[in-house]
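Trainee: here are the coordinates; sequence isn't available:
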């Protein structure tokens, strides 16, 4: 199947791979650009997941102030100082600061949720589900779904990414791990809002 040089170049730019690999991906997708890009994303995310265990101690601290009313500081780590100085990494860290300012998460990931808070929410959901008269064999499944939904907006990595509603922040993170070739870790953030004590 013949593929256009424009599509090859476009795929190369979007994915960061070489021309030969871009052409091969398009040929494998029968010339369907979106299908080729999605296949490369999946491959990149698979590679990104393998990088997750590597030590990330370099990186950046970035800040963002919105209208003098909301301030955010984030720390995002990578493996090398070289990547920390790239424009792509700096842009990624800033996007995370914008996400925190906009969506006001409480935790970076689920493991940061205190056990007492998780138990409290689970207990409330269970009581509500039983009171609603749901079948006994479905209660655990319903409660799990309600707990997940409750914390989805409070956990940064579970939130929908503000600039792409088809992605979570975790998907966006993995995409950037694939692009940089390094493990990236959103270590911590602090969000303050004028007149609001947390």
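Mentor: Good, I have the coordinates. Predicted model only: the values in this text are computed from it and were never measured.

Trainee: Other residues contacting stretch 99-108?
Mentor: Contact partners of stretch 99-108, identified using CB atoms under 8 Å, 6 or more residues apart in numbering, comprise 64, 66, 70-72, 74, 113, 151, 153-157, 159, 161-162, 169, 186-189, 191, 193. (C-beta placed from N, C-alpha, C; glycine too.)

Trainee: what's the first-to-last distance across that stretch?
Mentor: End-to-end distance for stretch 99-108, by CA to CA, to the nearest Å: 12 Å.

Trainee: And that stretch, how far out from the chain middle?
Mentor: 12 Å (CA atoms, centre = their mean, to the nearest Å).

Trainee: Equivalent analysis for stretch 67-81, please.
Mentor: 15 Å.

Trainee: what's the first-to-last distance across it?
Mentor: 32 Å.

Trainee: how about the residue lying farthest from the centre of the chain, phi and psi?
Mentor: In the chain, residue 133 marks the outermost C-alpha relative to the chain mean, sitting 36.5 Å out by CA atoms, centre = their mean. The phi and psi values for residue 133, taken as degrees, to the nearest 10, are phi 70, psi 30.

Trainee: returning to that earlier point: so which of the contacts of stretch 99-108 are in strands?
Mentor: Judged by DSSP state E, the subset of the contacts of stretch 99-108 located in strands is 64, 66, 70, 71, 72, 74, 186, 187, 188, 189, 191, 193.

Trainee: Identify the bridge partners of the last one.
Mentor: So that's residue 193. For residue 193, the beta-bridge partners are residue 70, residue 196 (DSSP bridges).

Trainee: Return the residues in contact with it.
Mentor: 69, 70, 71, 104.

Trainee: Against residue 63, how distant is it?
Mentor: As defined by CB to CB, to the nearest Å, residue 193 lies at a distance of 14 Å from residue 63.

Trainee: just residue 173 next, same as before
Mentor: From residue 173 to residue 63 the distance is 19 Å (CB to CB).

Trainee: neighbour-wise, which of the two wins?
Mentor: residue 173 (22 against 12; other CB atoms under 10 Å).

Trainee: so what secondary structure elements neighbour the host helix or strand of that one?
Mentor: Per DSSP states H and E: residue 173 is located in helix 169-180. Here helix 169-180 touches helix 33-51, helix 87-103, going by 3 or more CB pairs under 8 Å, 6 or more residues apart in numbering; DSSP states H and E.

Trainee: chain center to that helix, what's the gap?
Mentor: That offset, for helix 169-180, works out to 7 Å (CA atoms, centre = their mean).

Trainee: I'd like to know the average pLDDT value across that helix.
Mentor: Confidence for helix 169-180, expressed as mean pLDDT, is 91.

Trainee: Give me the buried subset of the contacts of stretch 99-108.
Mentor: Buried subset of the contacts of stretch 99-108 (neighbour count, 16 or more other CB atoms under 10 Å): 64, 70-72, 74, 113, 151, 154-157, 159, 161, 169, 186, 189, 191.

Trainee: Can you give me the domain boundaries for this protein?
Mentor: 5-51, 58-109+154-193, 114-152 (automatic domain parsing).
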